[in-house]
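> Just a sequence and a predicted model for now, questions to come.
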Amino acid sequence: MHDTRGTRTRAAFRGCLLGGAVGDALGAPVEFMKLAEIRERFGRAGVTGLEPAYGRRGAITDDTQMTLFTAEALIRALHRFEGRGIVSISDVARGAYLRWLSTQGERARTFGDPGWLVGVPELNSLRAPGNTCLSALRSGGSGTPEQPVNDSKGCGGVMRVAPVGLSRLHDPFRTGSEVAALTHGHPSGHLAAGYLALVVSEVSHGAELRDACYGALGPLAKKRGHEETTAAVEAALELATEADPSPEAVESLGAGWVAEEALAIGLYGALVAKDFAHGVLLAVNHGGDSDSTGSIAGSLLGLLVGERGIPAEWLEDLELRAVITTVADDLWKHFGPEGQGDCVDDLDRYPPN
């Protein structure tokens with residue numbers, strides 16, 4: 001199933017962001033349900049397609065909302081670097097997340113030109129945002145790996161960083177960790193994000209998923225406090241070589257409420273997948289944070305199979321499909337294989353401040 005040829009194509013960028021959103025939407029209706037409850041409501045196979053959540057079929061959650069603002073931050077950071085010759089991506093991401101906070105009915109101090117995402121009506125909607133993200137951003141969202149803002153290792157940092165891996169950064173692990181540490185201070189909370197960003201980067205440059213997962217363990221092991229994340233990843237890799245995949249196997253990796261467990265479940269779903277649908281449905285049918293684990297698996301699988309590898313009926317019903325596609329295309333224009341020097345002037349949509 002995995003075909004990593006030409007993974008820095010427009011289709012692959014679209015697949016990564018749309019796949020993550022589809023996984024998010026598949027998991028949204030069952031996010032707070034136990035496995036027995038999921039089976040009682042949807043049958044032995046659990047969720048097999050998009051079900052209503054937040055008043056509509058195919059609804060996204062805060063996972064996709066924050067992923068879009070991460071992508072926005074990367075493009076705005078590039079514009080700032082081109083104009084000034086220096087940039088702190090984490091500072092630009094902090095501004096993006098504060099703009100996201102302002103869409104959640106919060107009074108948030110935002111900086112500079114708001115750009116276009118905050119004006120998308122559907123993004124100005126509460127979709128069970130994580131308490132850690134909200135509280136950290138209310139206080140300014142200025143945490144770093146060295147100076148943590150809190151001791152949280154919730155999955156709200158890892159579920160939003162896939163776009164970091166699509167950019168052409170020298171050290172995607174470091175950047176992924178830094179943007180997660182803005183809100184999640186525990187080592188597992190931001191190292192899981194750094195690890196995922198590196199895996200996405202390696203796969204986008206042609207590595208096989210399993211090789212990328214093993215290879216990213218090396219940089220992870222050099223980080224202080226890596227032990228929980230390393231153990232979770234190793235458990236997922238080991239489980240992926242064993243018996244037939246099942247929800248019970250998924251649940252042996254945890255529930256996904258914390259970052260290293262969400263990462264492990266998302267990796268496992270992607271590693272054992274027969275196709276996009278199989279892997280993502282495996283990642284959401286468990287008792288736990290199903291939208292976040294589905295988002296992680298969907299981002300990886302979407303990157304591998306491209307937009308056309310995602311079931312068309314799921315894309316048709318996906319909320320904000322056009323917006324997600326536009327952001328993916330904008331990422332590709334700026335960070336694709338050629339640098340895409342002919343991209344349109346989009347400083348009005350992604351201002352450098």
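Thanks, I have it. Only a predicted model underlies this, so the values are computations on that prediction, with no experimental measurement involved.

> I'd like the next helix or strand past the longest helix anywhere in the chain.
Longest helix in the chain, counting residues (DSSP state H): helix 62-84. Under the assignment DSSP states H and E, the closest C-terminal helix or strand after helix 62-84 is helix 89-102.

> Run through the neighbouring helices and strands of that next one.
With contacts defined as 3 or more C-beta pairs under 8 Å, 6 or more residues apart in numbering; DSSP states H and E, the secondary structure elements packing on helix 89-102 are helix 62-84, helix 131-138, helix 172-181. Glycine gets a C-beta too; all of them are placed from N, C-alpha and C.

> do you know which of the ones you listed lies nearest Pro114?
Of all those, the one in closest proximity to Pro114, counting by C-beta to C-beta, is helix 62-84 (10.4 Å).

> can you state the direction angle for that closest one and helix 172-181?
Taking axes from the mean of the first three to the mean of the last three C-alpha atoms, to 10 degrees, one finds helix 62-84 and helix 172-181 inclined to each other by 120 degrees.

> Run the angle between helix 62-84 and helix 131-138 for me.
30 degrees.

> how about the helices in the stretch 201-350 of the chain?
Under the criterion DSSP state H, counting those that start in this stretch, helices of the stretch 201-350 of the chain are mapped to 209-221, 227-239, 247-251, 259-271, 276-284, 290-305, 312-317, 321-335.

> Could you export the fifth one as PDB, CA atoms only?
What follows is helix 276-284 as a C-alpha-only set of coordinates in PDB (Å, rounded to 0.1, in the frame of the first residue of the first chain):
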ATOM      1  CA  PHE A 276      -6.100   4.600   3.900                       C
ATOM      2  CA  ALA A 277      -9.500   3.600   5.200                       C
ATOM      3  CA  HIS A 278      -8.300   0.500   7.000                       C
ATOM      4  CA  GLY A 279      -5.500   2.400   8.900                       C
ATOM      5  CA  VAL A 280      -7.500   5.400   9.900                       C
ATOM      6  CA  LEU A 281     -10.600   3.400  11.000                       C
ATOM      7  CA  LEU A 282      -8.300   1.300  13.100                       C
ATOM      8  CA  ALA A 283      -6.900   4.500  14.700                       C
ATOM      9  CA  VAL A 284     -10.300   5.900  15.700                       C
END
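
> tell me what the longest helix of the chain is packed against?
In this structure, helix 62-84 makes packing contacts with helix 10-27, helix 89-102, helix 162-166, helix 290-305, helix 321-335, judged by 3+ C-beta pairs under 8 Å, 6+ apart.

> Mind checking the pLDDT average for the fourth one?
What helix 290-305 shows for mean pLDDT is 98.

> now swap in the second one and tell me
When pLDDT is averaged along helix 89-102, the result is 96.

> how distant is it from the center of its chain?
16 Å (C-alpha atoms, centre = their mean, to the nearest Å).

> pull the CA atoms of the longest helix of the chain into CSV?
Presented in CSV, the C-alpha positions along helix 62-84 are these (Å, rounded to 0.1, in the frame of the first residue of the first chain):
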residue,chain,number,x,y,z
ASP,A,62,-9.9,21.7,17.2
ASP,A,63,-7.2,19.3,15.9
THR,A,64,-7.7,20.4,12.3
GLN,A,65,-8.3,24.0,13.3
MET,A,66,-4.9,24.2,15.0
THR,A,67,-3.2,22.3,12.2
LEU,A,68,-4.4,24.9,9.8
PHE,A,69,-3.0,27.7,12.0
THR,A,70,0.3,25.8,12.2
ALA,A,71,0.4,25.8,8.4
GLU,A,72,-0.4,29.5,8.3
ALA,A,73,2.4,30.2,10.7
LEU,A,74,5.0,28.4,8.5
ILE,A,75,4.1,30.4,5.5
ARG,A,76,4.0,33.7,7.4
ALA,A,77,7.4,32.8,9.0
LEU,A,78,8.9,32.2,5.5
HIS,A,79,7.6,35.7,4.4
ARG,A,80,9.1,37.2,7.5
PHE,A,81,12.5,35.6,6.8
GLU,A,82,12.4,36.7,3.2
GLY,A,83,11.8,40.3,4.3
ARG,A,84,14.0,40.5,7.3
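
> rewinding a little: deepest in the core, which of the helices and strands packed on helix 89-102 is it.
Using mean count of other C-beta atoms under 10 Å, the stretch among the helices and strands packed on helix 89-102 with the largest mean neighbour count is helix 172-181, at a mean of 27.

> Can you tell me what sits against that one?
Surrounding helix 172-181, the residues in contact under the criterion C-beta atoms under 8 Å, 6 or more residues apart in numbering are 70, 73, 89-90, 93, 143-145, 148-149, 157-158, 160-161, 164-165, 167, 169, 189-198, 200-201, 216, 219-220, 223, 259.
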